[in-house]
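> predicted coordinates and the sequence they were generated for:
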Amino acid sequence: MWIEKWSLFKKAESWLRPVFSELYGNSECGPHIRAFLIKCLKIFAAIFVVGVIVVIVGGFGLVEFAYVIVLAILCGAAPYLDIKKKLKERRFLIKKGLPDFISRLVLLIEAGMTLSRAFEISAGSVEKNSPLYFEILKTCNEIKNGISETQAYEQLSTRCKTIEVARFSSMLIQNLRKGNSELAALLRMVASECWNARKSLARKRGEEAAAQMLIPVALLLIAVLIVTAGPALASLLNINTVQFGR
């Protein structure tokens, strides 16, 4: 498409690539970015055209036209909020499933299983619809296809982009490069930290949900005040009007 050759489009695509590569992977993020930018452009064009028609028909001036441009830009950029929400949810699910995965991995390593085999079997402890599950399976497939374990764990850390996964991957890589007889103990410590991070994150999400619940409660309170105090205020204003009229 001609729009894909537009320099501004290319700059936006390069700016969005880190976010979309984390969501969809490096090999599949290109089509998603282009579809996203075209969607934003369509929303901007629709709001802009409708706004210009309203300004022309209503006989408004440059100030109203500037409002239309600002509104069109804001509406066009609104889908990015949904992308950020998906990215936040993805990272939350990864942090949620990581403690169970590491705990099972520790048990299998202590039982004498090799790291790569334990890594593959431990994937069963993660929810099947979790992004962490797909990333673990992808890592296992990379190892089976001939990629070194060190490189596979590095790519896992790059794809997930969370502090917990980065530390976990670096520990596995250090064990492969230097050897460490205390890998199970270190992983158990990482699992404990992941559990604490998971609890903290769940507590934070609960606080955010409680704060969001205050909004409808406040709106309901305002509606109740309007319904109860409105007639009294109207009657008071009516009485004052009659008195002044006399």
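Yep, it's here.
> which of the three states applies to Phe60?
coil (DSSP: H, G, I helix; E, B strand; the rest coil).
> what helix or strand is Ala191 on?
helix 183-245 (DSSP states H and E).
> so for that helix, mean pLDDT?
The average pLDDT for helix 183-245 rounds to 70.
> likewise stretch 51-62?
Across stretch 51-62, pLDDT averages out at 85.
> which parts of it are buried?
By 16 or more other Cβ atoms under 10 Å, the buried positions in stretch 51-62 come out as Gly51, Val55. Every residue, glycine included, has its C-beta placed from N, CA and C.
> where along the chain do the helices fall?
With DSSP state H as the criterion, the chain has helices at 7-24, 29-58, 62-77, 79-110, 115-121, 131-144, 149-160, 163-178, 183-245.
> quick one: buried residues of the first one?
Within helix 7-24, the residues scored as buried using 16+ other Cβ under 10 Å are Phe9, Ala12, Glu13, Leu16, Val19, Phe20, Ser21, Glu22.
> repeat for the third one
In terms of neighbour count (16+ other Cβ under 10 Å), helix 62-77 has its buried residues at Val68, Ala72, Cys75, Gly76.
> contacts only, for the closest residue to the last one other than its chain neighbours.
Nearest-residue entry for Gly76: Phe44, 3.2 Å, with adjacent residues in sequence omitted and distances by Cβ to Cβ, 6 or more residues apart in numbering. Phe44 is in contact with Ala72, Ile73, Cys75, Gly76, counting by Cβ atoms under 8 Å, 6 or more residues apart in numbering.
> and these as a markdown table, adding distance to Ala152?
Shown next, in a markdown table, are these (distance: Cβ to Cβ, whole Å):
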| residue | distance to Ala152 |
| --- | --- |
| Ala72 | 45 |
| Ile73 | 42 |
| Cys75 | 42 |
| Gly76 | 39 |
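> ok, so of the residues you listed, who is nearest Met213?
Using Cβ to Cβ, Cys75 comes nearest to Met213 of the contacts of Phe44, at 27.2 Å.
> would you map out the domains in the chain?
Under the assignment automatic domain parsing, the domains of the chain span 2-77, 89-201.
> these: which one's closest to Ala218?
domain 2-77 (24.1 Å).
> off-centre distance for the closest one?
Put simply, domain 2-77 sits 20 Å off its chain's centre (Cα atoms, centre = their mean, to the nearest Å).
> cool, and stretch 88-96?
Relative to the centre of its chain, stretch 88-96 is centred 8 Å away, using Cα atoms, centre = their mean.
> buried residues in that stretch?
Within stretch 88-96, the residues scored as buried using 16+ other Cβ under 10 Å are Arg90, Arg91, Phe92, Leu93, Ile94, Lys95, Lys96.
> give me the phi and psi for Ala78.
phi -60, psi -40 (degrees, to the nearest 10).
> make 42 the first number, not 1, from now on.
Right, with 42 as the first residue, what we last looked at is Ala119.
> spit out the contact partners of the closest residue to it other than its chain neighbours.
Nearest non-adjacent residue to Ala119, counting by Cβ to Cβ, 6+ apart: Ile84, 7.2 Å away. Applying Cβ under 8 Å, 6+ apart to Ile84 gives the contacts Cys116, Gly117, Ala119, Pro120.
> much appreciated, bye for now.
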